[in-house]
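Trainee: Structure for the following, please:
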Amino acid sequence: MEGDAGGGPDEPGNGDVDGGPVGQGEGEAGREGDVGEGEGEGEAETPPDPAGEGEGEGEGEGEGERGGEGEGEGEGEPAPGTPLLVFNEVLADGTTDLDANGDGDIRGAEDEFVEIVNAGDGPARLGGWRLVERDKVAPRHVFADGVQLPPGEALVVFGGGTVSDALEATEGAQFIVAAPDDPGIPFGLNLGDDGDVLRLLDPEGAEVLRFAYGLGCEADDDACPGAVSDRSLTRSPDVLGAWVPHDQAEAAGAAIFSAGTRIDGAPFGL
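Mentor: As a prediction, the model looks like this:
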């Protein structure tokens with residue numbers, strides 16, 4: 001939670017401007033990799049491969065640093081066995097009547113969270129990936145080496161505190177407390193109550209996902225959601241839908257957030 005959202009975002013990179021699915025499609029250039037070579041013709045730039053597997057189609061050939069032979073299957077569609085990452089739910093105002101991380105202490109900055117879902121059919125290897133705010137370089141969170149998000153499951157990053165045992169037992173979900181590398185920005189995710197921009201960057205600094213809301217929205221972006229208080233913003237339906245206040249989502253009932261589960265409380269991954 002942050003009092004002032006500050007300036008506007010950079011122009012989008014390889015990510016979807018609204019935090020939507022980012023997969024693997026056809027590309028114009030081969031990628032370097034440890035294993036295999038790819039060759040072909042494509043019409044669109046190949047986005048980053050979060051799984052570390054597969055290679056987009058491209059003109060020419062190359063040896064890829066991200067391994068494995070593979071071809072993109074259609075523009076914007078993931079190749080078989082690759083991840084498809086989505087920002088699915090964001091609680092920017094953690095001062096709710098409920099304890100989002102379940103540690104028994106309601107604190108705005110600590111109970112903020114962002115939920116990422118892997119809607120693809122391959123694991124996302126997230127070691128070294130970063131969550132950053134707006135156009136800042138210093139991260140709010142850096143994913144530790146070895147962190148993977150299996151297909152169909154969710155990963156939730158809280159701003160701070162301690163994740164409760166009850167949440168940790170949630171099927172189809174992982175829970176992490178924000179921990180920036182040095183140099184990094186402490187004090188959690190620090191999302192602005194009135195609006196902000198949250199970006200997911202790969203280890204090379206390429207933007208994979210972007211989510212803007214409230215004052216972080218571009219003036220001409222009618223689909224960008226407004227800021228809300230005392231509840232999260234979520235996609236309705238999960239993964240594919242537009243952003244809405246959680247308590248207005250279909251099947252939410254009166255729930256104001258659903259960290260690590262679907263809107264109706266059902267687990268991911270089943």
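Trainee: For the stretch 151-270 of the chain, give me the ranges with low pLDDT.
Mentor: 181-187, 270 (pLDDT under 70).
Trainee: Correct me if wrong: residue 259 contacts residue 89.
Mentor: Yes. Residue 259 is in contact with residue 89 according to CB atoms under 8 Å; the separation is 7.1 Å. Placement of C-beta: from N, CA and C, glycine included.
Trainee: Neighbour count: the two, which is higher?
Mentor: Higher neighbour count among residue 259 and residue 89: residue 89, with 29 against 23, using other CB atoms under 10 Å.
Trainee: Quick check: bridge partners of that one?
Mentor: Bridge pairing for residue 89 (DSSP bridges) gives the partners residue 115, residue 234.
Trainee: my guess is it contacts residue 249, does it?
Mentor: No. Counting by CB under 8 Å, residue 89 sits too far from residue 249 to count as a contact (9.6 Å).
Trainee: where do the contact lists of those two overlap?
Mentor: Common contacts of residue 89 and residue 249 (CB atoms under 8 Å, 6 or more residues apart in numbering): residue 234.
Trainee: Could you tell me which residues touch both of residue 259 and residue 89?
Mentor: In contact with both residue 259 and residue 89: 113, 115, 232, using CB under 8 Å, 6+ apart.
Trainee: Quick one: the strands in the stretch 101-250 of the chain, in order.
Mentor: 113-118, 124-125, 130-133, 141-142, 148-149, 154-158, 173-177, 195-201, 207-214, 233-236, 242-245 (DSSP state E, counting those that start in this stretch).
Trainee: Sheet-wise, list the partners of the third one with their directions.
Mentor: Translated: strand 130-133. Under the rule (DSSP bridges), strand 130-133 has strand 141-142 (antiparallel), strand 195-201 (antiparallel) as partners.
Trainee: and the shortest one, what's its mean pLDDT?
Mentor: In other words, strand 141-142. Averaged over strand 141-142, pLDDT sits at 92.
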